[in-house]
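Visitor: need coordinates for the below:
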Amino acid sequence: MNSFLPVNKKDMYQRGWEQPDFIYISGDAYVDHPSFGASIITRVLDAKGYKVVVLSQPDWKDTSDFTQFGKPRLGFLISSGNIDSMVAHYTAAKKPRSNDAYTAGGVAGKRPDRAVIVYSKIVKELYPDVPVIIGGLEASLRRFAHYDYWDNSVRPSILLDSNADLLIFGMGENQCIQIADRLNNGEDVSTIHDVLGTVYSVDSKDTPYVGVECPSYENVCSSKKEYAKASRIQQDEQDHIRGRVIKQKHGKKMVVQNQPMPPLTTEELDWVYSLPYMRTYHPMYEALGGVPGIQEVEFSITHNRGCFGGCNFCSIAFHQGRYITTRSKESIINEAKLLTTLSGFKGYIHDIGGPTANFRRPSCDLQIEHGLCKGKKCLAPTPCKNLISTHMEYLDILREVRSLPKVKKVFIRSGIRYDYLLEDKNDSFFRELVEHHVSGQLKVAPEHCSAAVLDKMGKPHIEAYVEFSKRYFRYTGEVNKEQYLVPYLMSSHPGSTLDDAIELALFLKKHHIRPEQVQDFYPTPGTISTTMFYTGLDPYTMQEVYCAKDSHDKALQRALLQYYNPKNASLVEEALKKAGRYDLIGTGEDCLIRTSPRQQNHTGRNNIKKSKSRYNAGNNRYSKNGKSKKKR
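Guide: Below you'll find the predicted structure:
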């Protein structure tokens, strides 16, 4: 009979175990679902015959949680959870968050800042002779010397900072299996230096001759130009076919990253997703209100991994890689059938997606043998001439899933690349997406409208979004539906000046878009955009990049994207005057605010309720015939 893995000593003894092989420590609450990395890794090792116990959100102020299982036979596996612990704790403004979706009851503060470092140091002190392997997103993205937004400084590789023995980057299934087998065969962790997708450290005198060396920790701390050079090397070698070993000196130590582990094959992915997950949170959290993070994914299906979109602000390329791998149709259908048997299933599959839902194959055939192109993007600023855009296999899967008994609707919520969709000459998927797979509104990510900013983001120019929008609403009208388009927008990305923010505000006004939420750029470890933010340089051109770093400068750009909000009137006026755009202050058709902020505030108080009712979630609103309902 299937059950959760042991979470305490009593559970372990009930299985007849005297000692675990591995203790998996996670900064998240224990949710046994394949959308949670901890669940996948523990289930994979369990399926391979290893005794794995789960220690979720241990009290780091008391060692008793860490010693309750005793000494593991083979090692500790440590992760901060599904996201970086600092991102989990703080907003882009560095303010503490009030909740945590990966904790029971949504309560904040159940994991420490820099959870991987804290957990690892504790177990190293308690069990100095037991191997400690760190992984997950926090470790993966911090594997080299990296700019830390919260410290506003460059920190060393988390491998050294945590005192761990080995670091796994990427998704980690095959790395964990290989490491477990070798430890089980008696090999010392200090000699396991050849597993792909891992990082280890050695004395500088023992540095391997292979690969490429990037600027040292000391150099990237003292020179932003050297930091930019290191960042480019690390990004360029993140390819499982052509990538090389990367070395980075830290004092007397050399941190060595092996080539990336090849992504799982279709057969391997099918196996991983067929494991006996409980597909919910552990019952010990029920009295606390459950774990909110399960709500979005409980009835969702992951069909792919990797993303060749390669947005500069996104960490997926540096973690999962850009190469696309997919599960088989049979595996997806089997999971869909399983979902229909679960309690709480009401006929709706919330997503069949992944990092990008509509990527079902590599972007071209050349990369199958040669890897993805170094320093180039498949879709930006314009699609590569070798791009192959087809949705027929994905469409076939969607059609079959939505025809299953008990399935009322299949939605796509994990996001699509509309620029890739536009390249498909067959519009069957586009039409069926609109007719069958949109839950009232479709979320897409143009992010900005300025070509200069979009180039720094690694995104397509705004013309692609405009064309997509036109076709989306035309197809919506043809099936007599009232559906909306929700554009994600980002303020203060590196390269975005006040003039660019004004350009975006004018674009939003012209297209009747009123976003209720705007995301400030968040400099997270391991991205090209974060390198630009810290260094003020584009690592691929070494040209200077303007970055809004002052909180007030950021507030000016953010306010412009919500120029219509009376609360932003004074900031918008200040921004427009600072940019010399007095032509946009007044009562003209193109003006963003009235002449007097006091008048604007007075008008806003009278009309704010009407404004909220007229705009659906602050986005484009269209009638059933597809024609725009213009608002005043």
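Visitor: can you pull out the helices in the stretch 201-350 of the chain?
Guide: 217-222, 224-236, 266-273, 316-319, 329-339 (DSSP state H, counting those that start in this stretch).
Visitor: so which of these gets nearest N565?
Guide: Shortest distance between N565 and the helices of the stretch 201-350 of the chain, using Cβ to Cβ, is found for helix 316-319: 32.1 Å. All C-beta spots, glycine's among them, are computed from the backbone N, C-alpha and C.
Visitor: residues of stretch 328-336 that come out buried?
Guide: 329, 331-332, 335-336 (16 or more other Cβ atoms under 10 Å).
Visitor: tell me the one of these nearest L264?
Guide: Among the buried residues of stretch 328-336, and counting by Cβ to Cβ, the member closest to L264 is S331, at 11.9 Å.
Visitor: from D270, how far off is the closest one?
Guide: 4 Å (Cβ to Cβ, to the nearest Å).
Visitor: in contact with V401, which residues?
Guide: 332-333, 336, 349, 352, 407, 410 (Cβ atoms under 8 Å, 6 or more residues apart in numbering).
Visitor: okay if I get those as TSV plus pLDDT?
Guide: Output for the contacts of V401, formatted as TSV (pLDDT from 0 to 100):
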residue	pLDDT
I332	98
I333	98
A336	98
I349	97
I352	97
V407	97
V410	97
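Visitor: okay if I get those residues as CSV plus distance to T524?
Guide: Below are the contacts of V401 laid out as CSV (distance: Cβ to Cβ, whole Å):
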residue, distance to T524
I332, 30
I333, 36
A336, 33
I349, 30
I352, 27
V407, 36
V410, 31
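Visitor: closest to L433 among the residues you listed?
Guide: Closest approach to L433 among the contacts of V401 (Cβ to Cβ): V410, at 10.7 Å.
Visitor: do I have it right that the closest one meets S439?
Guide: No - V410 lies out of contact with S439 (Cβ atoms under 8 Å); the separation is 9.9 Å.
Visitor: which strand or helix spans V53?
Guide: In the assignment (DSSP states H and E), V53 maps to strand 52-56.
Visitor: adjacent strands (with direction) for that strand?
Guide: Sheet pairing of strand 52-56 (DSSP bridges) gives strand 22-26 (parallel).
Visitor: export the partner strand as CSV, just CAs?
Guide: Included here for strand 22-26 are C-alpha records, laid out as CSV according to Å, rounded to 0.1, in the frame of the first residue of the first chain:
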residue,chain,number,x,y,z
PHE,A,22,19.5,9.2,3.4
ILE,A,23,17.9,12.0,5.4
TYR,A,24,16.4,14.6,3.0
ILE,A,25,16.2,18.0,4.6
SER,A,26,13.9,20.6,3.0
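Visitor: ok, and what's touching that strand?
Guide: 38, 41-42, 45, 50-58, 66, 69, 72, 74-81, 119, 123, 180.
Visitor: can you flag the buried ones in the residues you listed?
Guide: Applying 16+ other Cβ under 10 Å to those, the neighbour count classes 38, 41-42, 45, 50-58, 66, 69, 72, 74-81, 119, 123, 180 as buried.
Visitor: circling back: farthest pair within the contacts of V401?
Guide: I332 and V407 (12.6 Å).
Visitor: skipping its backbone neighbours, what lies nearest V434 in space?
Guide: Of all residues not flanking V434 in the chain, Y475 sits nearest, at 4.3 Å (Cβ to Cβ, 6 or more residues apart in numbering).
Visitor: I figured the one you found hits F429, correct?
Guide: No - Y475 is beyond contact range of F429, at 11.0 Å (criterion: Cβ under 8 Å).
Visitor: pLDDT score for E296?
Guide: Note for E296: predicted pLDDT of 88.
Visitor: residue contacts, it?
Guide: Contacts of E296 (Cβ under 8 Å, 6+ apart): 350, 413.
Visitor: could you report the distance from it to I513?
Guide: 24 Å.
Visitor: please apply the same query to E432.
Guide: For E432 relative to I513 (Cβ to Cβ), the value is 26 Å.
Visitor: please apply the same query to Y50.
Guide: 52 Å.
Visitor: checking L421 next. Helix, strand or coil?
Guide: helix (DSSP: H, G, I helix; E, B strand; the rest coil).
Visitor: adding distance to D396, write the buried residues of stretch 328-336 out as TSV.
Guide: Listed next are these as TSV, based on distance: Cβ to Cβ, whole Å:
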residue	distance to D396
K329	7
S331	14
I332	10
E335	16
A336	13
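Visitor: going by distance to R244, which of those wins?
Guide: S331 (33.2 Å).
Visitor: my read: T595 touches I585, true?
Guide: Yes - here T595 reaches I585: they are 6.0 Å apart, a contact under Cβ under 8 Å.
Visitor: these two: which has the busier surroundings?
Guide: I585 (19 against 13; other Cβ atoms under 10 Å).
Visitor: who are the contact partners of that one?
Guide: With Cβ under 8 Å, 6+ apart, I585 has these contacts: 573, 576-577, 591-595.
Visitor: taking the residues you listed one by one, which sit in strands?
Guide: If you go by DSSP state E, those have nothing in strands.
Visitor: would you mark the buried spots in stretch 576-584?
Guide: For stretch 576-584, by 16+ other Cβ under 10 Å, it's 576, 579, 581, 584.
Visitor: ugh, wrong one, I meant stretch 339-353
Guide: 339, 349-353.
Visitor: starting at the chain centroid, how far to that stretch?
Guide: Distance of stretch 339-353 from the chain centroid (Cα atoms, centre = their mean, to the nearest Å) equals 23 Å.
Visitor: now do the end-to-end distance for it.
Guide: End-to-end distance for stretch 339-353, by Cα to Cα, to the nearest Å: 15 Å.
Visitor: outside of that stretch, which residues touch it?
Guide: Contacts for stretch 339-353 (Cβ under 8 Å, 6+ apart): 279, 296-304, 332, 336, 357, 397-398, 401, 404-415, 439.
Visitor: could you tell me the end-to-end distance of stretch 517-529?
Guide: Counting by Cα to Cα, the terminal residues of stretch 517-529 are separated by 21 Å.
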